[in-house]
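1. Quick one: sequence plus predicted model below, questions after.
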Amino acid sequence: MIIARTIEALDAARTTLGPLALVPTMGALHAGHVSLVAAAHESGLAVAASIFVNPLQFGPNEDFARYPRDEAADLAALRAAGCALAWLPDASVMYPSGDATVIEVAGPAQRWEGAARPSHFRGVATVVAKLFGQIRPERAYFGEKDWQQVQVVSRMARDLALPVTIVTVPTMREPDGLALSSRNRYLAPEERRRAAILPATLQDLRAELQNDAVAESATAAALERAHTRLRDHGFAVDYVALVDAVSLEPITCPRAGSRLLAAARLGAVRLLDTMSVDMTMVREEISSEVH
């Protein structure tokens, strides 16, 4: 595996390796990241992974300083996963002195994480655009857990006519359902036990919405019950929402292309999760009633 830390070394590696599939990360790698590398391998392209804890996407009171960093373990994991290239720029390489451009995003960036963390997606879009320009991948792989991020990056790539295909990979979960995240390691043991209530709540909410052609009032009541269940178990809930999967606009009833989004805190750890709402069952029930 080639390790590049400068633009010159990166350019030399790209010349050697040819077309690339990119897995962008902030390090502290876990099995979810490895699943992205595995999916990228299936493209037949050489796989590059970036490791960069991006200061631009952290707000002033967020956890940039304590975000987990373990370069040696990350490089070992990438080697074992068959990465051809690890791109490890520092902040001076990614944001050279005199930089004057950032990517402002609207559309799917405006609600949810965009409202809770106002500068977050500006930082995400800017660093991802830089990674695309530096590595020039044919394909880039992102985890489904950060669903809003995927939609923001996809919209940016489309709007700016960037020549890269965005590929989404399903969320990897612990046996109790908790979505893998680098921040999970900060959960205290009792918090970790309770954290599984978040995916369980979304799972139950999804089943309720999928199994009935629910009216607006019933959908709102189901969402409120999910809020209440999380609060009753000690979560500080930012949102539990039913949205259009692409625009991220809230919707009042489940339909094709629906998605659940949730963000809640346990102690100092902010947990995100998402699940699709498969309306096939509802459509079949309605069709059978009509015929």
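-> The structure has been received and is ready for your questions.
2. Please identify the buried residues of whichever strand or helix holds R206?
-> Counting by DSSP states H and E, the element that carries R206 is helix 197-211. Neighbour-count burial for helix 197-211 flags 197-199, 201-202, 205-206, 208-210 (criterion: 16 or more other CB atoms under 10 Å). In short, each C-beta sits where N, CA and C put it, glycine included.
3. Quick check: the residue nearest to G114 when sequence neighbours are not counted vs R155, distance?
-> Of all residues not flanking G114 in the chain, F121 sits nearest, at 5.4 Å (CB to CB, 6 or more residues apart in numbering). Distance, F121 to R155, by CB to CB, to the nearest Å: 10 Å.
4. G133: neighbouring residues, count only.
-> A count of nearby residues for G133, using other CB atoms under 10 Å, gives 9.
5. Pop out the phi and psi values for it.
-> Here is the backbone geometry of G133 (degrees, to the nearest 10): phi -70, psi -40.
6. do the same with L260
-> Dihedral angles for L260 - degrees, to the nearest 10 - are phi -100, psi 130.
7. And for G107?
-> phi 50, psi -120.
8. which ones are touching it?
-> 152, 155, 247-248 (CB atoms under 8 Å, 6 or more residues apart in numbering).
9. Which single one of those residues is nearest to A262?
-> L248 (13.3 Å; CB to CB).
10. Excluding chain neighbours, what is closest to the closest one?
-> Using CB to CB, 6+ apart, the nearest residue to L248 is P108, at 4.2 Å.
11. Which residues are in contact with D278?
-> Q210.
12. pLDDT wise, what is it at?
-> Looking at D278, its pLDDT reads 78.
13. For T171, the count of nearby residues, please.
-> 21.
14. before we move on, what about S217?
-> Neighbour number of S217 under other CB under 10 Å is 10.
15. can you give me the mean pLDDT across the helix or strand harbouring it?
-> Taking DSSP H and E as the criterion, S217 maps to helix 216-232. Average pLDDT, helix 216-232: 95.
16. Same check on stretch 91-101?
-> So the average pLDDT for stretch 91-101 ends up being 96.
17. Let's see the distance spanning it from one end to the other.
-> 15 Å (CA to CA, to the nearest Å).
18. for stretch 228-248, same thing?
-> 23 Å.
19. One more: stretch 168-185?
-> 24 Å.
20. With stretch 36-50 instead?
-> 12 Å.
21. CA atoms only for stretch 5-24, dumped as CSV, please.
-> The C-alpha atoms that make up stretch 5-24 are tabulated as CSV, following Å, rounded to 0.1, in the frame of the first residue of the first chain:
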residue,chain,number,x,y,z
ARG,A,5,1.1,12.8,2.6
THR,A,6,1.9,15.4,0.0
ILE,A,7,0.3,16.4,-3.3
GLU,A,8,3.5,15.4,-5.1
ALA,A,9,3.4,11.9,-3.6
LEU,A,10,-0.3,11.6,-4.3
ASP,A,11,0.2,12.6,-8.0
ALA,A,12,3.0,10.0,-8.3
ALA,A,13,0.8,7.3,-6.8
ARG,A,14,-2.1,8.1,-9.1
THR,A,15,0.1,7.8,-12.1
THR,A,16,1.3,4.4,-10.9
LEU,A,17,-2.1,3.0,-9.9
GLY,A,18,-4.4,4.3,-12.6
PRO,A,19,-8.2,4.9,-12.1
LEU,A,20,-9.2,4.9,-8.5
ALA,A,21,-12.2,4.2,-6.2
LEU,A,22,-12.2,6.5,-3.2
VAL,A,23,-13.3,5.8,0.4
PRO,A,24,-13.2,9.1,2.3
